[in-house]
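Asker: Sequence and predicted structure are below.
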Amino acid sequence: MTNRQIHLGLLAQPQGDHPAGWLKSRAPLDAATDIDYYRSVAQLAEQGLFDLFFIADTPATRTDNLHVHSRNPEYNNRFEPITLLSAIAGATRHIGLGATASTSFYEPYNIARLFASLDHISHGRAGWNVVTSANDYAARNYGLDKLPPHDERYVKAHEFYRLVESLWDTWEDDAFVYDRESVTYYDPAKYHVTEHEGKYFKLFGGLNIRRTPQGRPVIIQAGSSETGKNFAAETAEVVFASDPTLAAGKTFYTDLKGRLAQFGRAPDDLKILAGLSVMIGESEAEAQDKYQELQRLIHPDVGIMRLSADLETDLSGLPLDEPVPVSMIPTKANFHQSYFNMIAEMIRAQKLTLRQLYAAYERGKVTLCGTPAGIADHMMEWMESDAADGFMMSFHVVPDDLSDFITQVVPELQRRGVYRKAYSGNTLREHLGLARPANRHSR
């Protein structure tokens with residue numbers, strides 16, 4: 001029996017993360033822009049004692065193949081995530097609030113200010129998912145024809161991140177004295193300018209808000225390339241993993257944790273959350289039936305579109321019921337390398353038809369069909385095998401599947417002593433067992 005506690009994040013999609021989830025969801029049809037509904041989902045996750053409520057984002061909608069995209073709400077009708085989380089903060093008390101924001105399309109000062117504000121508004125629950133973006137639709141919204149190459153985006157991201165980190169240390173923790181008698185609002189000696197001129201950014205100034213409750217928001221990443229893993233080992237505090245098997249999860253976990261020492265970091269300074277979806281039933285067969293019913297609702301246009309996007313090639317002209325030719329696999333990926341590699345391996349090793357391929361592909365997670373006890377067994381096995389520190393949960397149909405997990409699986413994990421029965425802290429760092437970073441200028 002492990003003594004480690006399982007950490008849980010929720011990948012929050014309003015009607016569910018499955019491409020056909022919106023067809024079965026009991027959520028309002030306009031849930032994507034219903035703030036009261038979003039608040040209710042965040043409150044439900046907080047009742048389940050989740051560490052993190054997380055909003056994935058891309059600053060783009062699709063501009064082509066609209067007849068296909070109209071069948072799937074994945075990239076359309078979405079709140080800007082930091083605005084959304086600020087609105088949710090007042091309706092929750094404990095759960096962490098994380099969001100994606102791209103280093104390709106913001107300025108460092110914008111990100112520093114937005115997430116510092118969110119950390120104050122939420123009393124220390126903010127997390128920033130540092131991404132470089134992975135589609136050219138977003139690039140075109142910002143005056144580019146296409147994204148720069150993968151490794152170049154990471155070089156820029158590194159410079160970007162270091163500037164944000166510096167701006168978050170503009171003020172020492174005790175800089176604001178608020179002394180009316182001496183007419184002193186802050187101590188000027190505890191204010192520090194960031195001055196920088198680099199390859200991508202030039203900056204001279206400081207953040208116009210005091211240091212945040214967490215010192216800085218929790219840093220989240222999901223890169224799986226060599227460049228991405230090195231960046232995560234240097235800077236990330238939470239990493240979302242996308243390995244479909246226990247063996248692959250252990251390899252990734254050992255690899256990434258093993259890179260921390262070269263940056264002066266300890267293994268517990270980084271939490272790895274494996275992607276996981278669950279379908280719960282009174283038996284494994286019942287759960288599998290529920291899942292297959294949902295899989296059958298995936299429209300072929302949507303299934304092919306999702307595969308084509310992540311394999312970075314057009315599969316739309318192929319027969320549905322014949323194996324996908326290995327020759328269709330491009331030589332390399334420029335966007336999501338882990339998703340690309342997953343599809344390529346399925347084509348090479350499993351010889352699946354196009355229909356079978358889109359029904360089996362789950363984009364960086366595994367759907368576990370089983371009983372509450374069986375699901376708890378799976379989660380504990382990954383923890384005890386050092387394949388994860390917890391799980392990034394994405395539920396196919398929301399709110400139903402989330403509610404089932406909280407009422408059936410969470411009590412089982414609590415009974416086994418591997419999941420909290422109450423929040424013991426108030427900040428996201430406290431939930432995750434992460435230290436509050438010292439200000440670099442403090443003496």
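Answerer: Arrived safely, thanks for sending.
Asker: from here on, contacts and neighbour counts on C-alpha atoms
Answerer: Will do.
Asker: the bottom helix or strand of this structure by mean pLDDT?
Answerer: helix 66-69 (a mean of 84; mean pLDDT, DSSP states H and E).
Asker: Show residues contacting it.
Answerer: Arg62, Asp301, Val302, Met305 (C-alpha atoms under 8 Å, 6 or more residues apart in numbering).
Asker: Nearest to Phe252, out of those: which one, please.
Answerer: Using C-alpha to C-alpha, Met305 is the member of the contacts of helix 66-69 that lies nearest Phe252, at 28.2 Å.
Asker: Is that closest one part of a helix or strand, or is it coil?
Answerer: Three-state assignment for Met305 (DSSP: H, G, I helix; E, B strand; the rest coil): helix.
Asker: what's the straight distance from one end of stretch 418-425 to the other?
Answerer: Start-to-end span of stretch 418-425 (C-alpha to C-alpha, to the nearest Å) is 17 Å.
Asker: Likewise for stretch 344-357?
Answerer: End-to-end distance (C-alpha to C-alpha), stretch 344-357: 10 Å.
Asker: And it, what's buried?
Answerer: By neighbour count on 16 or more other C-alpha atoms under 10 Å, the buried set for stretch 344-357 is Ala344, Ile347, Lys351, Leu352, Thr353, Leu354, Arg355, Gln356, Leu357.
Asker: Pick out the most distant pair among the residues you listed.
Answerer: Of all pairs drawn from the buried residues of stretch 344-357, the greatest distance, 15.2 Å, lies between Ala344 and Arg355 (C-alpha to C-alpha).
Asker: Spatially, what comes nearest to Gln47 if we skip its sequence neighbours?
Answerer: In this structure, Gln47 finds its nearest non-sequential neighbour in Ile406, 7.9 Å apart by C-alpha to C-alpha, 6 or more residues apart in numbering.
Asker: Return the member of the buried residues of stretch 344-357 nearest to Asp268.
Answerer: Closest to Asp268 out of the buried residues of stretch 344-357 is Ala344 (32.9 Å), distances taken as C-alpha to C-alpha.
Asker: Report the separation between the closest residue to that closest one other than its chain neighbours and Tyr358.
Answerer: Leaving aside its sequence neighbours, Ala344 sits nearest to Ile329 (C-alpha to C-alpha, 6+ apart; 6.4 Å). Look at Ile329 and Tyr358: by C-alpha to C-alpha, they are 15 Å apart.
Asker: out of these two, which sits in the more crowded spot?
Answerer: More neighbours surround Tyr358 than the other of Ile329 and Tyr358, with 23 against 20 (other C-alpha atoms under 10 Å).
Asker: In terms of pLDDT, where does that one sit?
Answerer: The confidence metric pLDDT takes the value 87 at Tyr358.
Asker: Among the buried residues of stretch 344-357, which lie within helices?
Answerer: Ala344, Ile347, Leu354, Arg355, Gln356, Leu357 (DSSP state H).
Asker: Thank you, goodbye.
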